[in-house]
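>>> got a structure for you, letters missing:
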């Protein structure tokens, strides 16, 4: 009798050990799947926060940090509630509207469980997504190797794509873009539009003539006074009166002041030369012959040419005042 009881106990123990191992393995698998689901949802939350408005991004980052503190929990009940919080956070960011209990700042202490009606609506939405993904996976046709790049482009652009398979004649449906990537693509399109508008405005501003680009009207220039050569043999009184005459009517212009001063200097020097002329100077002037008129004055700004013109003018004036020797 005792032996039969021992045999029955050993058989029950042997049968319970595989059951316990199977339950532990299934529990670990369930925990890993819940952790993987939470990590995937939080990655989608980070992508959605990158394109969210500033006010929503601030509160969303606070809730994301609070939920990251529960990434290492091992109780299945807490793991499921944590995943529901992450799903609700992603939904609020995508819809840009906060719902209970995320409409407030995260609590300081332990995170309470979601209300029953909120948890039920989230579970129902998740079940519908799983059902839709399974039906789409069953209806999807085998793709060629180059369809991965097309699927990535469709995920970024957010536009559905359909093309027929080679030899099958049936349309090939691409991978639909997740909502987070769709929001990111919309943000990129908005930034590109702003960039084009700013570049257009900059180009118009460059092409528009400003006040400094207007053509300047030339100022009327005052005509320069011309010097008339005197007679070949004028008297000292007439030459003195000719060079001591008042300035021309346009001498009050600022640009003619150097020329008037030069004329006055030349007249003074020629008068002094006439009074201090000696017989050797008169002889030298007679030997050299008549000096030609210096001509019109040089243009303004050329200092060396003006000095040469002044020397020639002095020589010419001296020749006018030098008396001829009697034969």
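That came through fine. Remember, it's a predicted structure, so these values are computed and weren't measured experimentally.

>>> ranges for the helices of the chain?
With DSSP state H as the definition, the chain shows helices at residue ranges 2-50, 54-68, 76-95, 116-139, 147-157, 179-207, 236-243, 257-275, 279-288, 303-321.

>>> which stretches of this structure have low pLDDT?
Applying pLDDT under 70 to the chain picks out residues 1-6, 8-10, 12-21, 23-24, 109, 136-182, 210-291, 321-327.

>>> domain map for it?
Listed by automatic domain parsing, the domain ranges of the chain are 14-140, 152-162+170-207, 236-244+251-321.

>>> for residue 74, see how far away residue 126 is.
22 Å (Cβ to Cβ, to the nearest Å). Every residue, glycine included, has its C-beta placed from N, CA and C.

>>> name the residue in those two with the higher neighbour count.
residue 126 (14 against 11; other Cβ atoms under 10 Å).

>>> contacts only, for the residue lying closest to that one once chain neighbours are set aside.
Distances taken as Cβ to Cβ, 6 or more residues apart in numbering place residue 87 nearest to residue 126, at 6.6 Å, with adjacent residues excluded. Going by Cβ atoms under 8 Å, 6 or more residues apart in numbering, residue 87 touches 41, 122, 125-126.

>>> now those residues: which count as buried?
The neighbour count (16 or more other Cβ atoms under 10 Å) marks 41, 122 as buried among the contacts of residue 87.

>>> can you say which two of the contacts of residue 87 are spatially most distant?
The most widely separated members of the contacts of residue 87, counting by Cβ to Cβ, are 41 and 125 (12.7 Å).

>>> gap between residue 41 and residue 303?
Using Cβ to Cβ, residue 41 is found at 86 Å from residue 303.

>>> buried residues in stretch 77-87?
So stretch 77-87, judged by 16+ other Cβ under 10 Å, has buried residues 79-87.

>>> meant to ask about stretch 87-105
87-94, 98, 101-102.

>>> ok, residue 97 to residue 103 distance?
For residue 97, the distance to residue 103 - Cβ to Cβ - is 9 Å.

>>> save the buried residues of stretch 87-105 as JSON lines, and put in distance to residue 130 too.
Listed next are those as JSON lines, based on distance: Cβ to Cβ, whole Å:
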{"residue": "87", "distance to residue 130": "12"}
{"residue": "88", "distance to residue 130": "17"}
{"residue": "89", "distance to residue 130": "19"}
{"residue": "90", "distance to residue 130": "16"}
{"residue": "91", "distance to residue 130": "16"}
{"residue": "92", "distance to residue 130": "21"}
{"residue": "93", "distance to residue 130": "21"}
{"residue": "94", "distance to residue 130": "18"}
{"residue": "98", "distance to residue 130": "26"}
{"residue": "101", "distance to residue 130": "25"}
{"residue": "102", "distance to residue 130": "23"}
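
>>> between these, which is nearest residue 113?
So of these, ranked by how close each gets to residue 113 (Cβ to Cβ), first place is residue 101, at 9.7 Å.

>>> that closest one and residue 119 touch, don't they?
No - taking contacts as Cβ atoms under 8 Å, residue 101 lies outside contact range of residue 119: 11.1 Å.

>>> now residue 70: closest residue in space that isn't a chain neighbour?
Closest to residue 70 by Cβ to Cβ, 6+ apart is residue 82, at 4.6 Å.
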